[in-house]
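K.L.:
Build me a model:
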Amino acid sequence: MRATSSLLGAAGFGLSLLLLSTTAVAQQPHDSNAPINFSADHIELQDKANRAVLSGNVAVKQAEMTLNSARMTVAYTGQVIGGNPQVSRLDASGGVTVKRPDQTAKSQYAIYDLNKRVITMLGAVTLNQGGNVVNGGRLTMNLDTGRAVIDGSSVGGSSGATNGGGTVTQSAGRVSGTFSVPKRN
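P.N.:
Here you go, the predicted structure:
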């Protein structure tokens, strides 16, 4: 494993893998108050339900984070400030990818709770950070702390991947793996 990351250990009957990055970038909280810019092939506004449905090549950017998917439901509170509805939650599905400066995560589904500043990704989750790859069923990313928790529970499974020296696979609801080690003199 690279010197910029440390493995904290397993919790919850060996199902949870905790990764904490010690890089300055990962420790900076995400600016969840930044405006959310989006683009999509199609948008359907459902004002009475306080939501918008984006579909087709959905791209969302907030500060230095991007979220891409095939479809996304944007829930807002009904409160309008400065002419803009106040977004509270994003539900994404279909080839979801979340990119931050130091990591990329992929899954089938994702929920971004803007009030809690937490992204939960479900189904065939892959987290790539510094060339190390972890696969599991569910990933929870706290955008304030940079803490990422992966466990084996899921709505879909994954079989494992290799990228640059680190491989982690999920089998029977578990997360296990091998991480690359920096070269030493």
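K.L.:
can you pull out the helices in this protein?
P.N.:
Ranges of helices within the chain are 24-27, based on DSSP state H.
K.L.:
What ranges in it fall below the confidence cut-off?
P.N.:
Scanning the chain for pLDDT under 70 picks out 1-28, 154-172, 176-178.
K.L.:
now the strands for it?
P.N.:
Along the chain, the segments classed as strands by DSSP state E run 5-11, 16-21, 36-39, 42-46, 51-62, 65-81, 84-100, 103-113, 118-129, 132-142, 148-151, 161-163, 166-171, 174-178.
K.L.:
Adding mean neighbour count and distance to residue 184, write those out as a markdown table.
P.N.:
(C-beta placed from N, C-alpha, C; glycine too.) Shown next, in a markdown table, are the strands of the chain (neighbours: other C-beta atoms under 10 Å; distance: least, C-beta to C-beta, whole Å):
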| stretch | mean neighbour count | distance to residue 184 |
| --- | --- | --- |
| strand 5-11 | 14 | 16 |
| strand 16-21 | 20 | 21 |
| strand 36-39 | 14 | 44 |
| strand 42-46 | 12 | 53 |
| strand 51-62 | 18 | 39 |
| strand 65-81 | 17 | 34 |
| strand 84-100 | 18 | 29 |
| strand 103-113 | 21 | 25 |
| strand 118-129 | 22 | 21 |
| strand 132-142 | 23 | 17 |
| strand 148-151 | 23 | 26 |
| strand 161-163 | 13 | 22 |
| strand 166-171 | 20 | 17 |
| strand 174-178 | 17 | 17 |
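K.L.:
Perfect, that will be all.
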